[in-house]
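# got a predicted structure here, sequence first:
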Amino acid sequence: MSLVAAAPPSGGPIIAEVDMGADSSAPVVRATVVQASTVFYDTPATLEKAERLLAEAAGYGSQLVVFPEAFVGGYPRGSNFGAAIGNRTPKGREEFRKYHAAAIDVPGPEVDRLAAMAGKYKVFLVMGVIERDGYTLYCSVLFFDAQGHYLGKHRKMMPTSVERIIWGFGDGSTIPVFDTPVGKIGAAICWENRMPLLRTAMYGKGIEIYCAPTADSRPTWPASMTHIALEGGCFVLSANQFCRRRDYPPAPEYVFAEIEEELGPDSIVCAGGSLIISPMGTVLAGPNYEGEALISADLGISISLFILQLNSVAHECPPLFILQLTIMLVVDQILEKLQEQSLILMWWGITQGLKF
């Protein structure tokens, strides 16, 4: 099922449902990825929007709902925060102050509200946030169960490119895979999905529903998601924002560096592309590049038995094999170095008139 954007009547739903064949009576898990924009610099309004979208998804029978990267707190697309090597601007400092203020503490009141939403609508919730820990910000994903409990978080381990000037680095202590009634669920954020060892760690934990909140709407993204589904033998749920210039504060309060003059209010600055893929590499819903949307599919979790047939970590490439391969590579490197040193010693001896 794919749910696509429509202009809502007064008091009606934000996003209307378009039926594409999902069967709500089937013994499966209905999952939804949310494709919508943050209310930038306004976290209370963003949480209100999140609840409306969550209520709609639950109304369609969804048991698992995944929001985009940095949905709460915002993805600062196009901003450089006035930063250049060796230089900062007063305007950039003020931008970062506002951005820091829009982030949330974990735990904190916003986390409590998100937990209450998950419990109210009886859904397993995966939410992209900007986490504030003292003076440091992290791009994080929070997990909540359908009883309204906060389960834990994943911090983005390697912020991408210029993201590193505003976000701290996560580490291996927050790579959870939660065993839930709807399946074993974890998440990797945006460019992290192109980090093979991180994916391997998640496969090794038996992940069945791989969530990929992202800010990448390029046409190459679906190929990465398909590869991960096949490689991990898991469902892949990728949620991205769909944003126009008007979804961000107007200039000069907020400026898209180098391209601001080219943008009109309706210019698309993030085109979405959210989608859901099966363990067999089949696209179940999406990608959607049309507008804000709820994109849903019924996941036949029994299909994840595919992982038992062709598992890239536990069966086809067991940990012992990886260890053996690593040892072999290290030994080869040592032998190569010893050979180089032997040749150097031999050359030195020849120059000194020594005979071998």
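Cool, got the structure. Residues are numbered from 1 along each chain as shown.

# CA only for contacts and neighbour counts going forward, please
OK.

# number of nearby residues for residue 119?
When neighbours are counted by other CA atoms under 10 Å, residue 119 registers 18.

# need the pLDDT of it.
On the pLDDT scale, residue 119 is placed at 97.

# put the alpha carbons of the host helix or strand of it into CSV.
Residue 119 belongs to helix 109-121 when assigned by DSSP states H and E. In CSV, the C-alpha atoms belonging to helix 109-121 read as follows (Å, rounded to 0.1, in the frame of the first residue of the first chain):
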residue,chain,number,x,y,z
PRO,A,109,10.0,15.8,28.3
GLU,A,110,9.9,15.4,24.5
VAL,A,111,11.0,11.7,24.8
ASP,A,112,8.2,11.2,27.3
ARG,A,113,5.7,12.7,24.9
LEU,A,114,6.9,10.5,22.1
ALA,A,115,6.6,7.5,24.3
ALA,A,116,3.0,8.5,25.2
MET,A,117,2.2,8.8,21.5
ALA,A,118,3.4,5.3,20.8
GLY,A,119,1.4,3.9,23.7
LYS,A,120,-1.7,5.9,22.8
TYR,A,121,-1.8,4.7,19.2
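
# find the nearest non-adjacent residue to residue 141, please.
Distances taken as CA to CA, 6 or more residues apart in numbering put residue 128 closest to residue 141, at 4.5 Å, once the chain neighbours are dropped.

# and the one helix or strand that neighbour maps to with helix 109-121, angle?
Using DSSP H and E, residue 128 falls within strand 124-133. Strand 124-133 runs at 170 degrees relative to helix 109-121, counting by axes from the mean of the first three to the mean of the last three CA atoms, to 10 degrees.

# which is the next helix or strand following strand 124-133?
strand 136-144.

# ok now stretch 240-248, how far from the chain's centre?
17 Å (CA atoms, centre = their mean, to the nearest Å).

# report the buried residues of that stretch.
240, 241, 242, 243, 244, 245, 247, 248 (16 or more other CA atoms under 10 Å).

# could you dump these into JSON lines with distance to residue 171 added?
Formatted as JSON lines, the buried residues of stretch 240-248 follow (distance: CA to CA, whole Å):
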{"residue": "240", "distance to residue 171": "23"}
{"residue": "241", "distance to residue 171": "25"}
{"residue": "242", "distance to residue 171": "29"}
{"residue": "243", "distance to residue 171": "30"}
{"residue": "244", "distance to residue 171": "33"}
{"residue": "245", "distance to residue 171": "33"}
{"residue": "247", "distance to residue 171": "32"}
{"residue": "248", "distance to residue 171": "31"}
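
# what packs against the helix holding residue 119?
With contacts taken as 3 or more CA pairs under 8 Å, 6 or more residues apart in numbering; DSSP states H and E, helix 109-121 sits against helix 43-59, strand 104-105, strand 136-144, strand 150-155.

# that helix: which residues count as buried?
110, 111, 114, 115, 116, 117, 118, 119, 120, 121.

# which residues touch it?
Contact with helix 109-121 is made by 47, 51, 54-55, 58, 104-105, 124-125, 144-150, as judged by CA atoms under 8 Å, 6 or more residues apart in numbering.

# of those, buried ones?
For the contacts of helix 109-121, buried by 16+ other CA under 10 Å: 47, 51, 54-55, 58, 104, 124-125, 144-150.

# stretch 52-65 spans what distance, first to last residue?
13 Å (CA to CA, to the nearest Å).

# for stretch 242-250, same thing?
Stretch 242-250: ends 17 Å apart by CA to CA.

# what does it contact?
35-40, 254, 263-272, 289, 291-292.

# just those: which are in strands?
35, 268, 269, 270, 271 (DSSP state E).
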